[in-house]
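> Got a predicted model here, sequence first, then my questions.
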Amino acid sequence: MEQHQKQTKDEKIKELTEKLEEGIKSVFASSKYREYLTVMSKFHSYSFNNSILILMQKPDARYVAGYRTWESLNRHVKKGEKGITILAPNPHRLTKEVTVINPETGQPKLDAEGKPMTEQKQITYASFRPITIFDISQTEGEPLPELVTELKKKALNYPLLMNIIKSTSPVPIRFESWEGLAKGYYNRTSDEIVIKDGMSESQTLKTALHETAHSILHADKKNPKGPATKEIEAESVAFIVCNHFGIDTSDYSFAYLASWSSSKELPELRASLKTIQTTAHDLIDRMDEQIQRHMEIQRQPEIIGTEIQNTQEIHHSRR
């Protein structure tokens, strides 16, 4: 019987994994994804030094661009906003007379009189100039297209499931309020999970499972896996476990995973399938065990009450 149940659960997890893969592919093929890429291409990848400058001036910056770029996206910089100063390449070119070198000998070429030959050559010197950029929070106007849609639905048995996730997680889970898009995080230094307060029940459960998967799979700081693989593993586990308990996170998970995958071939997902399925299976088993224990505890008062009633009836009959 137990073997049959295990096989059924394995088959269900395999089915959900296949659904996950197909769902991600459908995002890549959607017009929504093409629109998202078109807009995101307007945001540059900044150098390490400029990233540090942005972090120092506006730590909560998400999307940064110049004034004209924001205008092209039908957004306008708010009056009185102080921009973020970074350094943009500003190459300085000079024309200089240089000695002509013989490529075969590496020595200066000589003219008929035996003098070194020279030529005019343009030399570019690296230099930089300060420019001003603005974060999206400093602008207003039309919203940017979003690939990931936050879950809004309530969840059946939310208090019970949340408590079970807390008891199943290898690290403590707490709630905190903050501004910004982040839904939660696993802090390896303090060894705890922090969930954004005020989200919907389904989003909260999904995020708690996502971060729990991180705490199980990615606690080792020496873990060689890249950030994309880690996010794909955590979200895939959350998707499978949520669906097992009747919470469909497709609207969020498919797009989230597509945003982390390096290509439509889903290399990170396929390389991690065994890890994802094993971790999801283990989490489901432990959560099911907790639910079973909870149900047994809930039934105990009824059993005790029946025993008391029976005892009273016996005493009454003896009188």
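On my side now, so go ahead. Numbers count the residues shown, from 1 in each chain.

> phi, psi of the residue lying closest to Pro172 once chain neighbours are set aside?
Spatial nearest neighbour of Pro172, excluding adjacent residues (CB to CB, 6 or more residues apart in numbering): Glu192 at 4.9 Å. Bear in mind the C-beta positions are built from the backbone N, C-alpha and C, glycine included. Backbone torsions for Glu192, taken as degrees, to the nearest 10, come to phi -150, psi 160.

> Glu192: how many residues sit nearby?
By other CB atoms under 10 Å, 16 other residues sit near Glu192.

> Check whether it really touches Ile173, as I assumed.
Yes: contact criterion CB atoms under 8 Å: Glu192 and Ile173 qualify, at 7.3 Å.

> secondary structure element for Ile52?
According to DSSP states H and E, Ile52 maps onto helix 48-57.

> so how far does stretch 84-104 reach from one end to the other?
Stretch 84-104 has an end-to-end distance of 50 Å (CA to CA, to the nearest Å).

> same deal with stretch 57-70?
For stretch 57-70, the first-to-last residue distance is 19 Å (CA to CA).

> just checking, what packs against the host helix or strand of Glu140?
Using DSSP H and E, Glu140 sits within strand 139-141. Under the contact criterion of 3 or more CB pairs under 8 Å, 6 or more residues apart in numbering; DSSP states H and E, strand 139-141 touches strand 75-77.

> Give me the residues contacting the strand it packs on.
Residues outside strand 75-77 that contact it (CB atoms under 8 Å, 6 or more residues apart in numbering) are 67, 70, 83, 134, 136, 138-142, 144.

> Buried among those residues? Make that a PyMOL selection.
A single PyMOL command selects the buried members of those (16 or more other CB atoms under 10 Å):
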select buried, resi 70+83+134+136+138+139+144
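
> And the furthest pair within the contacts of strand 75-77?
In terms of CB to CB, those reach their longest pairwise distance at Gly83 and Glu142, which sit 20.5 Å apart.

> re the thing from before, tell me the one among the contacts of strand 75-77 nearest to Asp220.
Checking those against Asp220 with CB to CB, the nearest one is Ile136 at 34.7 Å.

> okay, the residue most central in space within the chain: pLDDT?
Geometric centre of the chain, nearest residue: Glu231, 5.4 Å, by CA atoms, centre = their mean. Note on Glu231: pLDDT of 95.

> So it versus His218, what's the distance?
To His218, Glu231 is 10 Å away according to CB to CB, to the nearest Å.

> ok, how many other residues are close to the nearest residue to Ser26 once chain neighbours are set aside?
Take Ser26 and drop its neighbours on the chain: the residue closest to it by CB to CB, 6+ apart is Phe254, 6.9 Å away. By other CB under 10 Å, 26 other residues sit near Phe254.

> Is it correct that Phe254 is in contact with Ala29?
No: look at Phe254 against Ala29 with CB under 8 Å: they stay out of range, at 11.4 Å.

> Return the residues in contact with the residue nearest to Ile232 when sequence neighbours are not counted.
Distances taken as CB to CB, 6+ apart put Glu268 closest to Ile232, at 4.6 Å, once the chain neighbours are dropped. By CB under 8 Å, 6+ apart, the residues touching Glu268 are 228-229, 232, 260-262.

> and those residues, which are buried?
The neighbour-count test (16+ other CB under 10 Å) marks 228-229, 232, 260-261 as buried among the contacts of Glu268.

> hang on, Leu283 packs against Phe239?
No: Leu283 is beyond contact range of Phe239, at 11.8 Å (criterion: CB under 8 Å).

> okay, those two: which has more neighbours?
Phe239 (29 against 22).

> ok, Phe254 - contacts?
Each residue near Phe254 by CB under 8 Å, 6+ apart is listed here: 20, 23-24, 26-27.

> and after the host helix or strand of it, which helix or strand comes next?
Here Phe254 sits within helix 250-260, counting by DSSP H and E. Once the chain leaves helix 250-260, the next helix or strand it forms, by DSSP H and E, is helix 267-271.

> tell me the average confidence for that next one?
Rounded to a whole number, the mean pLDDT of helix 267-271 is 94.

> Show me what counts as buried in that helix.
For helix 267-271, the neighbour count (16+ other CB under 10 Å) marks 268-269 as buried.

> coming back round to it: what's the closest non-adjacent residue to the residue nearest to the centre of the chain?
Using CB to CB, 6+ apart, the nearest residue to Glu231 is Trp260, at 4.6 Å.

> Looks like the one you found contacts Ile232 (just checking).
Yes: judged on CB under 8 Å, Trp260 makes contact with Ile232 at a distance of 5.4 Å.
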